[in-house]
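S.K.: Sequence first, predicted model second:
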Amino acid sequence: MTALSELLLDGNKITVVPQSIGHLSQLIALNLDGNAISVLPYEIFLLTALKELWLHDNSIVAIPPNLADLTNLTTLTLSNNQLSTVPEGVRKLTKLNELWLKNNPLPSVPFRPQDFPLLRVLLIDLTTSMPS
């Protein structure tokens with residue numbers, strides 16, 4: 001199963017992502033949206049081939065700093081979670097086309113839209129203003 005390239009587990013009421021996810025080294029797309037996940041295992045951030053990571057509509061409270069290791073990401077969806085911060089390392093994700101952060105209690109973000117030269121879609125609402 002290590003050759004698996006897409007894993008679609010959206011809408012399955014999953015509460016815990018197994019650590020064994022880290023063995024799927026060829027994974028390009030991981031869809032975990034619409035579950036009940038609150039904590040992401042470290043092993044997700046070992047999946048450096050990932051291009052799409054769909055995590056919206058969960059209960060995620062924090063994103064570890066090693067999100068920055070997923071430098072091949074083109075799509076990252078984190079809308080409708082419980083995030084109050086976004087790690088600084090998100091700026092290293094320069095291949096992002098889509099970044100969804102809407103409907104999180106975010107007072108600010110550690111990036112500017114121009115940090116992502118390929119960005120086409122940015123969904124965000126902040127309790128304060130965005131850096132210019």
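M.R.: Received it, and whenever you're ready, just let me know what you need.

S.K.: just checking, what packs against the helix or strand of the chain with the lowest mean pLDDT?
M.R.: Taking mean pLDDT, DSSP states H and E as the measure, the helices and strands of the chain show their lowest mean at strand 121-123, namely a mean of 95. With contacts defined as 3 or more Cβ pairs under 8 Å, 6 or more residues apart in numbering; DSSP states H and E, strand 121-123 has these neighbours: strand 98-100. Bear in mind the C-beta positions are built from the backbone N, C-alpha and C, glycine included.

S.K.: Partner strands of the strand it packs on and their direction?
M.R.: Taking DSSP bridges as the criterion, strand 98-100 forms sheet pairs with strand 75-77 (parallel), strand 121-123 (parallel).

S.K.: so of the ones you listed, which one's packed in deepest?
M.R.: Mean neighbour counts were compared across the strands paired with strand 98-100 using mean count of other Cβ atoms under 10 Å; the top stretch is strand 75-77, at a mean of 21.
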